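Asks: With the sequence up front, the predicted model follows.
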Amino acid sequence: LGSILLKGSPRPHNRILWERSQQKQTLCRHRDPFAMPHAVEQLWSRHAPEQGYPAGVVAVPKPIPGIAFFPGGYGLWRPDPMQPLPQLPVGGVMVLGHDFHSVAGYNASLEHGRESEKQPTWGHMLRLFRRVPVVLEECFFTNVYMGLRVEGKTGPFPGAESASFVAHCVDFLRQQLSEQRPSLVITLGLNVPPLLSRVSGDLSGWTERMSIKELDASGSLRESVAISGIRNFSTTVAALVHPSLRNGNVRFRRYRGHTGDAAEVALLRDALESRARAM
């Protein structure tokens with residue numbers, strides 16, 4: 001599978017940028033041998049399950065240097081990969097997706113040094129975040145499920161049928177939450193709230209996958225959400241439709257008298273106000 005994962009090499013100009021980025025990071029680390037290891041690099045080094053991946057899922061061979069959801073990349077807002085890796089935004093915003101992508105999707109992003117803003121997920125999400133606004137430098141973009149799909153990019157995640165793999169991913173989600181201690185968690189899509197509920201008794205109403213209508217009726221904004229196993233910590237959670245399907249699905253949203261796009265904008269703004277009050 002390694003030959004499949006690494007089938008492409010970066011284009012010349014992107015390879016140069018990436019190599020310079022790696023050299024600069026290496027030099028920075030060498031200048032201060034007593035510097036603490038980067039929090040996200042540590043997370044990335046332990047995200048893979050010790051027992052290996054289930055059928056249909058393979059490991060991410062290396063992080064994409066530029067902007068990319070974790071674990072495909074570092075999950076940080078880094079438009080220029082020649083600059084040092086930004087710090088994990090502790091107390092910031094966790095943007096939580098379902099899974100990274102397929103092998104083919106990963107390879108395409110690795111070739112370009114980052115995930116493209118032209119991708120539906122990034123494009124729709126960034127337009128929404130910039131309107132609200134959500135400060136991108138304060139975000140950690142990550143996923144519940146680790147690894148890459150061998151093929152396909154939508155539908156049920158292949159590893160979801162493996163109890164041990166799911167348990168690993170849920171436990172690692174708790175580790176991510178413990179490391180970042182986000183003041184706001186923004187979930188993307190209908191598959192994520194049930195998985196997040198596994199680490200919080202305060203999300204007991206989200207244990208099953210719901211329709212958009214059911215999610216809104218149950219309360220798509222939750223405050224003072226405690227996470228099991230993390231002491232003295234609670235967060236705000238806001239559930240969005242998946243950005244890649246936003247054009248077709250956002251019209252079904254209902255939130256405090258708002259409908260459609262206005263509902264999600266109001267939801268996010270209220271979530272940010274809740275976050276500000278709690279900080």
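Replies: Right, received. Where do you want to start?

Asks: Please enumerate the helices of the chain.
Replies: Listed in chain order, the helices of the chain (DSSP state H) span 2-5, 12-31, 39-45, 103-112, 120-131, 163-180, 192-196, 212-218, 246-249, 260-278.

Asks: right, and the ones you listed - which one's nearest residue 206?
Replies: The minimum distance between residue 206 and the helices of the chain falls on helix 192-196, with 4.1 Å, by C-beta to C-beta. From N, CA and C alone the C-beta is placed, and that goes for glycine too.

Asks: Rebuild the helices of the chain as a markdown table, extending it with mean pLDDT and distance to residue 147.
Replies: Shown next, in a markdown table, are the helices of the chain (pLDDT from 0 to 100; distance: least, C-beta to C-beta, whole Å):
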| stretch | mean pLDDT | distance to residue 147 |
| --- | --- | --- |
| helix 2-5 | 41 | 11 |
| helix 12-31 | 42 | 22 |
| helix 39-45 | 97 | 13 |
| helix 103-112 | 96 | 10 |
| helix 120-131 | 97 | 18 |
| helix 163-180 | 98 | 8 |
| helix 192-196 | 98 | 15 |
| helix 212-218 | 97 | 26 |
| helix 246-249 | 96 | 25 |
| helix 260-278 | 97 | 29 |
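
Asks: looking at those helices, which is buried most?
Replies: Counting by mean count of other C-beta atoms under 10 Å, helix 192-196 has the highest mean neighbour count of the helices of the chain, with a mean of 22.

Asks: Alpha carbons only: can I get it in PDB?
Replies: In PDB, the C-alpha atoms belonging to helix 192-196 read as follows (Å, rounded to 0.1, in the frame of the first residue of the first chain):
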ATOM      1  CA  VAL A 192     -20.100  13.600  14.100                       C
ATOM      2  CA  PRO A 193     -22.500  14.500  17.000                       C
ATOM      3  CA  PRO A 194     -23.100  10.800  17.900                       C
ATOM      4  CA  LEU A 195     -19.400  10.200  18.000                       C
ATOM      5  CA  LEU A 196     -18.800  13.300  20.100                       C
END
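
Asks: contacting residues around it?
Replies: Contact with helix 192-196 is made by 96-98, 144, 169-170, 173, 185, 187, 203, 206-210, 215, 237, 239, as judged by C-beta atoms under 8 Å, 6 or more residues apart in numbering.

Asks: 7 Å instead, please
Replies: Helix 192-196 is contacted from outside by 96-98, 144, 170, 187, 203, 206-209, 215, 237, 239, using C-beta atoms under 7 Å, 6 or more residues apart in numbering.

Asks: Only whichever of the residues you listed are buried, select them in ChimeraX.
Replies: Listed next is the ChimeraX selection for buried residues among these, using 16 or more other C-beta atoms under 10 Å:
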select :96,97,98,144,170,187,203,206,215,237,239
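
Asks: Relative to residue 74, which of the contacts of helix 192-196 is nearest.
Replies: Among the contacts of helix 192-196, residue 97 lies closest to residue 74 (C-beta to C-beta), at 14.7 Å.

Asks: Please report how far that closest one lies from residue 204.
Replies: 22 Å (C-beta to C-beta, to the nearest Å).

Asks: returning to what we had before: now go through the contacts of helix 192-196 and say which are in strands.
Replies: 96-97, 187, 237, 239 (DSSP state E).

Asks: In CSV, list those along with distance to residue 49.
Replies: Formatted as CSV, those follow (distance: C-beta to C-beta, whole Å):
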residue, distance to residue 49
96, 19
97, 19
187, 22
237, 25
239, 27
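
Asks: Format the residues you listed as a markdown table; extra columns: pLDDT and distance to residue 148.
Replies: Formatted as a markdown table, the ones in strands among the contacts of helix 192-196 follow (pLDDT from 0 to 100; distance: C-beta to C-beta, whole Å):
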| residue | pLDDT | distance to residue 148 |
| --- | --- | --- |
| 96 | 98 | 18 |
| 97 | 98 | 13 |
| 187 | 98 | 21 |
| 237 | 98 | 26 |
| 239 | 98 | 25 |
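
Asks: out of those residues, who's nearest residue 162?
Replies: Using C-beta to C-beta, the ones in strands among the contacts of helix 192-196 come closest to residue 162 at residue 97, 19.3 Å.
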